[in-house]
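Visitor: Sequence first, then the predicted structure:
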Amino acid sequence: KQVSVAVVGATGAVGSTMMAQLVKRKFPIKTIKFLASARSAGKSIEFNGATYTIEEATPEAFEGVDVALFSAGGSVSEKLAPEAAKRGAVVIDNTSHFRMAEGVPLVVPEVNRHALQQHKGIIANPNCSTIQMVAALAPIREKFGLTSVVVSTYQAVSGSGIAAIEELKSQSAEWDKGRDVSASVLPVKSDEKHFPIARNVIPQIDVFEDNGFTKEEMKMINETKKIMEMPHLAVAATCVRVPVVSGHSESVYIELEKEASKEEIFEALRLAPGIVLQDDITAQGYPMPIFAEGEEPVFVGRIRQDLHNKKGYHLWVVADNLLKGAALNSIQIAEAMLEDDLL
Ligand code: A2P
């Protein structure tokens, strides 16, 4: 079966990665169109050796579209995803807008593919940091149960879009020339203050909520419970931006229901789809973003049993945030829907 595809936000960091994934994975495309803001409409875009014209994302642009891949920001999804769904398209949305909405499946196919069956036209792709963490935790939970998760993230700038990547690069060059470094994008474009990310780490991703956690931290907390279907799981997160272009890293501490040996945890991860166990400290073998960039799997290493709690384990989880964290997971959702006759 072939399907008609629309990519919304095609000129962005995630949108362009989605396009590359569609080609790489030989997604069965009948027709494809590329949508962005009015600023880009009329410009050319290359896809799979051919040239297309970018169109403005409007409600009418979704006529005849089977699957619409959205990554143009929450407000664009809010306005246009229902319009696309109304016209019969299945929306796979990369923004946070619909993730926690009742009736919207929030899916990592290796973890909760079955949730796709309940879709009503919009499916949400989870937050990048959440995806790689739940992919690593699900196979462990399966065998040993899970009672709590405490995560600290080391997130790459590409999660904040092309402007943030440019800012890291230009700030690095300014540093080298000994100039004062200016900042206008991170941590949050619309927030009052901006800080350099070159030679820095910023413990703020997205805006603060009243409870003192950032919105990104609350996304990790709430989305993890929803995807794993564990509303009572204890989850805490601290999300930090680091001067890495692509590849999010996470230090994750978990507590299991049952005791498990390190070898048993290794075995659960070895057998898990989409996971690569990279844990050989005798040869300094552990995941790092420079090696994860451009790669599809979620890499897990530095696995240690806690010294005070036999049911406690420490993990280090790394993945390409633009791939498994965004574009790849979205395309895998589309592939799963095709296979399950949902498209
Ligand atoms: P455009 O290039 O026309 O502004 P990133 O996350 O890398 O910053 O990318 C954001 C993506 O969302 C871009 O493709 C951008 O298109 C698109 N976009 C931003 N605002 C709108 C809008 N109002 N309507 C449609 N697409 C939008």
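Guide: Noted; the coordinates are in hand.
Visitor: contacts, neighbours, all on C-alpha from now
Guide: Will do.
Visitor: Would you mind listing what in the stretch 101-250 of the chain touches the ligand?
Guide: Listed as neighbours of the ligand in the stretch 101-250 of the chain under the rule CA under 6 Å from any ligand atom: 161-162.
Visitor: how about the helices in the stretch 101-250 of the chain?
Guide: For the stretch 101-250 of the chain, the helices defined by DSSP state H, counting those that start in this stretch cover 109-112, 128-144, 162-176, 215-228.
Visitor: In this protein, what residue spans correspond to strands?
Guide: Secondary structure of the chain (DSSP state E): strands at 3-8, 29-36, 44-47, 50-53, 55-56, 67-70, 90-93, 122-124, 148-154, 234-238, 248-255, 275-277, 298-305, 312-319.
Visitor: got these as TSV, with mean neighbour count and mean pLDDT columns?
Guide: Formatted as TSV, those follow (neighbours: other CA atoms under 10 Å; pLDDT from 0 to 100):
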stretch	mean neighbour count	mean pLDDT
strand 3-8	23	98
strand 29-36	18	98
strand 44-47	14	98
strand 50-53	12	98
strand 55-56	20	98
strand 67-70	27	98
strand 90-93	27	98
strand 122-124	26	98
strand 148-154	20	99
strand 234-238	18	98
strand 248-255	23	99
strand 275-277	22	98
strand 298-305	23	98
strand 312-319	26	98
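Visitor: now the ones you listed as CSV including distance to residue 112?
Guide: Compiled in CSV, the strands of the chain are given as follows (distance: least, CA to CA, whole Å):
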stretch, distance to residue 112
strand 3-8, 23
strand 29-36, 25
strand 44-47, 31
strand 50-53, 35
strand 55-56, 34
strand 67-70, 19
strand 90-93, 15
strand 122-124, 12
strand 148-154, 19
strand 234-238, 18
strand 248-255, 20
strand 275-277, 15
strand 298-305, 16
strand 312-319, 19
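Visitor: what's the neighbour count on residue 308?
Guide: 7 (other CA atoms under 10 Å).
Visitor: mind listing what residue 234 touches?
Guide: By CA atoms under 8 Å, 6 or more residues apart in numbering, the residues touching residue 234 are 147-149.
Visitor: For residue 281, which of the helices of the stretch 101-250 of the chain is the nearest?
Guide: Nearest to residue 281, of all the helices of the stretch 101-250 of the chain, is helix 128-144, at 19.1 Å by CA to CA.
Visitor: any idea of the mean pLDDT for the closest one?
Guide: Average pLDDT, helix 128-144: 98.
Visitor: Then stretch 169-186?
Guide: 93.
Visitor: Flag every buried residue along it.
Guide: 170-172, 181, 183-186 (16 or more other CA atoms under 10 Å).
Visitor: follow-up on the earlier one: quick one: closest of the helices of the stretch 101-250 of the chain to residue 39.
Guide: Using CA to CA, the helices of the stretch 101-250 of the chain put helix 162-176 closest to residue 39, at 15.8 Å.
Visitor: closest point of the stretch 151-300 of the chain to the ligand, which residue?
Guide: residue 161 (3.7 Å; CA to the nearest ligand atom).
Visitor: was I right about that residue contacting residue 13?
Guide: Yes - counting by CA atoms under 8 Å, residue 13 is a contact partner of residue 161 at 5.5 Å.
Visitor: which of these two has more neighbours?
Guide: residue 13 (21 against 14).
Visitor: Can you tell me the closest non-neighbouring residue to residue 297?
Guide: Excluding the flanking residues, the one nearest residue 297 by CA to CA, 6 or more residues apart in numbering is residue 274, at 5.0 Å.
Visitor: Confirm for me that the one you found is in contact with residue 298.
Guide: Yes - Residue 274 is in contact with residue 298 according to CA under 8 Å; the separation is 6.2 Å.
Visitor: so what sits against both of these two?
Guide: Shared contacts of residue 274 and residue 298, counting by CA under 8 Å, 6+ apart, come down to residue 135.
Visitor: Surely residue 154 and residue 239 touch.
Guide: Yes - in terms of CA under 8 Å, residue 154 counts as a neighbour of residue 239; the distance is 6.9 Å.
Visitor: where does the stretch 201-343 of the chain have low pLDDT?
Guide: For the stretch 201-343 of the chain, applying pLDDT under 70 flags no range at all.
Visitor: contacting residues around the residue in it that the ligand sits nearest to?
Guide: When scored by CA to the nearest ligand atom, the stretch 201-343 of the chain has residue 322 as its residue closest to the ligand, at 10.5 Å. Applying CA under 8 Å, 6+ apart, we find residue 322 in contact with 13-14, 17, 128, 158-159, 246-247, 328.
Visitor: one more time with 6 Å, if that's ok
Guide: For residue 322, the contact set (CA atoms under 6 Å, 6 or more residues apart in numbering) comprises residue 14.
Visitor: What separation is there between it and residue 294?
Guide: In this view, residue 322 and residue 294 are 9 Å apart by CA to CA, to the nearest Å.
Visitor: same check, this time on residue 251
Guide: Taking CA to CA, one finds residue 251 at 21 Å from residue 294.
Visitor: Would you map out the domains in this structure?
Guide: The record's domain parsing of the chain by automatic domain parsing lists 3-126+326-339, 130-320.
Visitor: Leaving out the residues flanking it, which one is nearest to residue 11?
Guide: residue 36 (6.7 Å).
Visitor: That neighbour contacts residue 57, correct?
Guide: Yes - applying CA atoms under 6 Å as the test, residue 36 and residue 57 come out as touching, 5.5 Å apart.
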